[in-house]
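Asker: Sequence first, then the predicted structure:
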Amino acid sequence: QNRFTFYFAVRGETLRGFLTVCQTIIVCLRWITARRKELSMNGLKILYRMYQGAMAVAQRVLPQKKQSLNVGSGSYLAAAVILEQQGVKKVQIVTTAGTVRRGTIAPLLDALKQEGVEASVYDGVKPDPDTQCIAGAAESYREEGCDAFLAIGGGSVLDCTKMAAACAARPGKPIEKMAGTLKVRARLPSTAGTGSEVTAAAVVTDEKRGVKFPVADLCLVPDAAILDPSLTLDLPKDITANTGMDAFTHAVEAYTNCFASKRAKYYALDAMKLINENLYAAYVDGHNLPAREHLLMASYYAGAAFTTAYVGYVHAIAHALGGMYHIPHGEACAIALPVVLAAYGRRVTPKLARIADHLVLGGTTKAEKAENLLQRIVQLNGRMGIPATVAQLREEDIPELARRALKEANPTYPVPVIWDRKTMESVIRKLLP
């Protein structure tokens, strides 16, 4: 269970060796990283693009995990049937103390009992799950003798659940060693959830070092996704705003990145349109069920987009800010998004213009349309009380924040423009209060 080799079929023929290809790419990545100081920036950019191009090709030939999707109010109760059909005997439910306190889990426990599935509840998840939180969920899974995970909550809950499943499958591997791409490499227990449902990624907070790091591996994609708007009706306004802008950022970065496939762009555009039309409505009226459901679908589409097209410097900066200052991730993304897009300059103008057209934001020239999109983001942030700058940001922290952001992003993220340390510092400096 702890090791497996990737096999994939094309026209009936089983092809082996994808893992070898991936390992070769990772070796190249390590070589690039080890010799950064010896290479000129132009040389690094060429190597980065070669790596990103190779990964883009790999994404196109690798089969996506088949995942069941359940949508609608009350659909989270379908998890009981899904787990029973998969032969699960006992499931580890991962959630927050608030979700348990509100009584959300009670109907699910009854549904599981009717299907003959036992359950254990771990409610220690907090925003931006750290290694301790993840280890607690994995330990509960082992001690209770569970054979599947079920996440009930948002992105933090499912990030915790994904990594707990990885720890359960690789008990001898520290969480820190799973950071990066294709580092988990294990067959995980069955997982289902209501957060970052379709993505092959999770973000972990290391409290001791004050950093966040992403983990990306195809085995992290849950077996089932549940989009139940009734679970989001009582979300506070700030969480609605932050999670909505996080999903919008997923979609924008996936669309503007290099090597994005037509499929990824299609999902990204649909996600942005749904968020643009429904986020503020859900923010104003948390019980607007249609708006809530549209936002869940948008989050799902955005996840499908960035799973293959990746995110970019906005997320890298947001992770750095979150790790150092404990800023909510979605808020950090929302603040950085218009600044980063503007800093990309003319390279992204045509793509931003196409997004503006899709959102019907007006404008005659591409430059006008791109500017209208940036203003729409700023306007939406302002209407939802998201600040334009980072209050905690200090000048003396900028070099370290830039270092962390570049370490995460380069060479993995196929950003529209590859930045060096000086450029990254100048962009982060624009976020000063």
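Answerer: Perfect, thanks for sending it. Numbers count the residues shown, from 1 in each chain.
Asker: show me where the stretch 301-433 of the chain has helices.
Answerer: 313-325, 329-344, 349-358, 366-383, 398-409, 421-429 (DSSP state H, counting those that start in this stretch).
Asker: How about the stretch 101-250 of the chain?
Answerer: 105-114, 131-143, 155-169, 237-256.
Asker: Which of those helices sits closest to residue 59?
Answerer: helix 237-256 (11.8 Å; C-beta to C-beta). In short, each C-beta sits where N, CA and C put it, glycine included.
Asker: packing partners for the closest one?
Answerer: Counting contacts by 3 or more C-beta pairs under 8 Å, 6 or more residues apart in numbering; DSSP states H and E, helix 237-256 packs against helix 262-284, helix 289-309, helix 313-325, helix 329-344, helix 349-358, helix 366-383.
Asker: okay, these, which one's buried deepest?
Answerer: Most buried of the helices and strands packed on helix 237-256, by mean neighbour count (mean count of other C-beta atoms under 10 Å): helix 313-325, with a mean of 25.
Asker: pLDDT averaged over that helix - what is it?
Answerer: Taken as a whole, helix 313-325 has a mean pLDDT of 96.
Asker: what do you get for stretch 351-364?
Answerer: 97.
Asker: Over to stretch 148-156?
Answerer: Averaging pLDDT along stretch 148-156 gives 88.
Asker: Need the distance between the two termini of it.
Answerer: 18 Å (C-alpha to C-alpha, to the nearest Å).
Asker: if we can go back for a sec, can the helices of the stretch 101-250 of the chain go into TSV with extra columns for distance to residue 352 and mean neighbour count?
Answerer: Output for those, formatted as TSV (distance: least, C-beta to C-beta, whole Å; neighbours: other C-beta atoms under 10 Å):
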stretch	distance to residue 352	mean neighbour count
helix 105-114	42	16
helix 131-143	37	19
helix 155-169	26	27
helix 237-256	7	25
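Asker: so can I have CSV of the ones you listed showing distance to residue 123?
Answerer: As requested, these are exported to CSV (distance: least, C-beta to C-beta, whole Å):
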stretch, distance to residue 123
helix 105-114, 8
helix 131-143, 10
helix 155-169, 10
helix 237-256, 17
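Asker: out of these, nearest to residue 51?
Answerer: Closest approach to residue 51 among these (C-beta to C-beta): helix 237-256, 17.8 Å.
Asker: between the helices of the stretch 101-250 of the chain, which gets the lowest average pLDDT?
Answerer: Across the helices of the stretch 101-250 of the chain, helix 155-169 has the smallest mean pLDDT, namely a mean of 89.
Asker: what about that helix, distance to the chain center?
Answerer: 13 Å (C-alpha atoms, centre = their mean, to the nearest Å).
Asker: likewise stretch 141-153?
Answerer: Taking C-alpha atoms, centre = their mean, one finds stretch 141-153 lying 22 Å from the centre of the chain it belongs to.
Asker: Could you tell me the end-to-end distance of it?
Answerer: This stretch, stretch 141-153, spans 18 Å end to end (C-alpha to C-alpha).
Asker: Other residues contacting that stretch?
Answerer: Residues from elsewhere that reach stretch 141-153, judged by C-beta atoms under 8 Å, 6 or more residues apart in numbering: 76, 79, 83, 86, 88-96, 99, 104-105, 108, 119-120, 122, 125, 140, 157-158, 160-162, 164-165, 168, 171, 189-195, 222, 231.
Asker: Buried only: go through those residues for me.
Answerer: For the contacts of stretch 141-153, a neighbour count by 16 or more other C-beta atoms under 10 Å gives the buried set as 76, 79, 83, 86, 88, 90-96, 99, 104-105, 108, 119, 122, 125, 140, 157-158, 160-162, 164-165, 168, 189-195, 222, 231.
Asker: Report the backbone C-alpha coordinates of the helix or strand in which residue 50 is found in CSV.
Answerer: In this assignment (DSSP states H and E), residue 50 forms part of helix 41-61. Listed in CSV are the C-alpha atoms of helix 41-61, where the atom choice follows Å, rounded to 0.1, in the frame of the first residue of the first chain:
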residue,chain,number,x,y,z
MET,A,41,18.5,34.8,-15.1
ASN,A,42,18.0,34.3,-18.8
GLY,A,43,19.4,30.8,-18.6
LEU,A,44,17.2,30.0,-15.6
LYS,A,45,14.1,31.2,-17.5
ILE,A,46,14.9,28.9,-20.4
LEU,A,47,15.3,25.9,-18.0
TYR,A,48,12.2,26.8,-16.1
ARG,A,49,10.1,26.9,-19.3
MET,A,50,11.5,23.6,-20.4
TYR,A,51,10.5,22.1,-17.0
GLN,A,52,7.1,23.6,-17.1
GLY,A,53,6.5,22.5,-20.7
ALA,A,54,7.5,18.9,-19.8
MET,A,55,5.1,18.9,-16.9
ALA,A,56,2.3,20.3,-19.2
VAL,A,57,2.8,17.5,-21.6
ALA,A,58,2.8,15.0,-18.7
GLN,A,59,-0.5,16.5,-17.5
ARG,A,60,-2.1,15.9,-20.9
VAL,A,61,-1.2,12.2,-21.1
